[in-house]
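> Pasting a predicted model and its sequence here:
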Amino acid sequence: MNKYNRLLIIFVFSILLFFIIFNRALDSVPVFSDTLNLTSDTAYNEAMKKDRAFLKNLGTNEVKVGAYVLNYKNLNINNGTCTIDFYFWLIWSNPELDPLQFEVMNAAVDYKDLISDETVEVEGRTFKWVNYRIVATTSNDFNFKNYPLDKQAVNIEIEDKELDISKMNYVISTYENSIDSRAKIQGWEIRDKDCHITTHKYDTNFGFTPENAASSDYSRYVLKTVISRPYFSSMLKVMLPLTVILSLSFISFFLSLDKYSQRISLAVSTVYTSVAFHINLSAAIPQVSYLTLADRLMISIYFMLAVSIVSIVAMTVLVDKKKDELALKINRILIILFPVLCFVVISSQFGK
């Protein structure tokens with residue numbers, strides 16, 4: 001095996017494997033450290049103590065809320081929607097409060113069923129404990145800057161219709177809010193969850209300003225599920241075609257200098273292939289106003305193909321001017337420099 005063949009093999013494998021060097025595969029299933037554990041009597045008793053300690057300190061205008069996601073359905077990347085099937089519960093002690101007039105702010109509710117409506121007593125205080133099962137089609141703001149290695153957030157956002165923060169505040173016990181172990185999203189992996197309470201302010205009087213205007217700040221419950229595309233398969237689907245395209249362009253440097261038409265034809269054909277692949281890659285997401293990782297990678301490929309074509313033309317001009325030795329010297333330099341330049345230019349896109 002001559003040195004040129006060895007260089008070709010090194011070039012192909014370096015482009016294909018560089019993402020393993022600069023990135024780690026994310027194939028493990030996440031384990032949420034703050035998830036409620038009721039697998040033993042000890043864990044059950046510990047959870048019961050936490051519940052009662054939390055409720056003991058619950059304020060009169062506070063409502064403890066939480067959710068448990070059963071499943072995700074019909075994720076639509078193009079319009080940012082996802083249907084979520086989940087349980088939602090409320091616990092409060094103030095009989096003058098009616099926190100049941102809530103709404104899912106970022107969704108259209110397809111189904112809502114009252115599962116239980118109970119009264120419980122903790123250290124002499126009486127609490128209302130209400131559970132719902134809800135199926136809602138949520139609307140989410142997806143960011144595709146890192147496509148096809150993007151992470152997205154699918155949210156549940158719940159807020160009371162009438163009670164502002166001067167009358168009611170949501171509070172949470174984060175370990176109770178979780179995702180069922182069998183919940184799946186086709187083509188995606190569930191990576192993380194986050195649960196928090198935020199205050200949402202409405203900068204409007206809703207058409208009329210009364211004398212004793214209520215606050216325009218409302219307590220909002222948010223459960224965020226972080227999802228990502230399978231890392232290895234996503235990288236392979238992108239990097240394998242790009243490796244083939246760059247390899248074909250690289251092979252043109254091994255043809256003799258007098259075979260100009262074959263060299264330039266091989267280089268130009270890779271440009272057409274790249275454009276077709278870029279169009280196919282971009283068709284999987286909606287049109288966006290910024291460059292995605294896929295766009296940056298393809299721009300890098302276009303740059304390397306342009307280097308290849310310009311180099312071939314320059315060497316052909318030198319041959320026509322009877323400067324064969326200089327053309328051969330440039331060709332030998334490019335055989336070494338081209339794969340190194342490809343590696344550097346492409347890998348740099350993953351650090352942005």
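Alright, I've got the coordinates.
> Quick check, Ile301 in contact with Ser274.
Yes. The criterion here is C-beta atoms under 8 Å, and Ile301 meets it with Ser274 at 5.3 Å. From N, CA and C alone the C-beta is placed, and that goes for glycine too.
> Val244 belongs to a strand?
No. Assessed with DSSP: H, G, I helix; E, B strand; the rest coil, Val244 is helix; it does not lie in a strand.
> Now do it against Phe250, distance only.
Distance, Val244 to Phe250, by C-beta to C-beta, to the nearest Å: 11 Å.
> Neighbour count for the two, which is higher?
Taking other C-beta atoms under 10 Å, Val244 and Phe250 do not tie; Phe250 has more neighbours (24 against 16).
> circling back to that earlier point, so what's in contact with Ile301 and Ser274 at the same time?
Common neighbours of Ile301 and Ser274, counting by C-beta atoms under 8 Å, 6 or more residues apart in numbering, are Ile245.
> More neighbours: which of those two?
Applying other C-beta under 10 Å to Ile301 and Ser274 shows that Ile301 carries more neighbours, namely 25 against 20.
> who are the neighbours in contact with that one?
With C-beta under 8 Å, 6+ apart, Ile301 has these contacts: Leu242, Ile245, Leu246, Ser274, Ile346.
> next one: Trp92
Trp92 touches Leu58, Glu62, Val63, Lys64, Pro99, Phe127, Lys128, counting by C-beta under 8 Å, 6+ apart.
> Check Lys167 too.
By C-beta under 8 Å, 6+ apart, Lys167 lies in contact with Asn61, Leu97.
> Is it located within a strand, as I assumed?
No. Lys167 is assigned coil when assessed by three-state DSSP, not a strand.
> With just CA atoms, put the helix or strand harbouring Val275 into PDB.
If you go by DSSP states H and E, Val275 is part of helix 260-282. Extracted in PDB, the C-alpha atoms of helix 260-282 (Å, rounded to 0.1, in the frame of the first residue of the first chain):
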ATOM      1  CA  TYR A 260      -7.900  17.700 -16.500                       C
ATOM      2  CA  SER A 261     -11.400  16.900 -17.700                       C
ATOM      3  CA  GLN A 262     -11.700  13.900 -15.400                       C
ATOM      4  CA  ARG A 263     -10.400  15.800 -12.400                       C
ATOM      5  CA  ILE A 264     -12.700  18.800 -12.800                       C
ATOM      6  CA  SER A 265     -15.700  16.600 -13.600                       C
ATOM      7  CA  LEU A 266     -15.200  14.700 -10.400                       C
ATOM      8  CA  ALA A 267     -14.900  17.900  -8.400                       C
ATOM      9  CA  VAL A 268     -17.900  19.600  -9.900                       C
ATOM     10  CA  SER A 269     -20.100  16.500  -9.500                       C
ATOM     11  CA  THR A 270     -19.500  16.700  -5.700                       C
ATOM     12  CA  VAL A 271     -20.900  20.200  -5.700                       C
ATOM     13  CA  TYR A 272     -24.200  19.100  -7.300                       C
ATOM     14  CA  THR A 273     -24.300  16.200  -4.800                       C
ATOM     15  CA  SER A 274     -23.700  18.600  -1.900                       C
ATOM     16  CA  VAL A 275     -26.400  21.000  -2.900                       C
ATOM     17  CA  ALA A 276     -29.000  18.100  -3.200                       C
ATOM     18  CA  PHE A 277     -28.000  16.800   0.200                       C
ATOM     19  CA  HIS A 278     -28.200  20.200   1.700                       C
ATOM     20  CA  ILE A 279     -31.800  20.700   0.400                       C
ATOM     21  CA  ASN A 280     -32.800  17.300   1.600                       C
ATOM     22  CA  LEU A 281     -31.300  18.000   5.100                       C
ATOM     23  CA  SER A 282     -33.000  21.300   5.400                       C
END
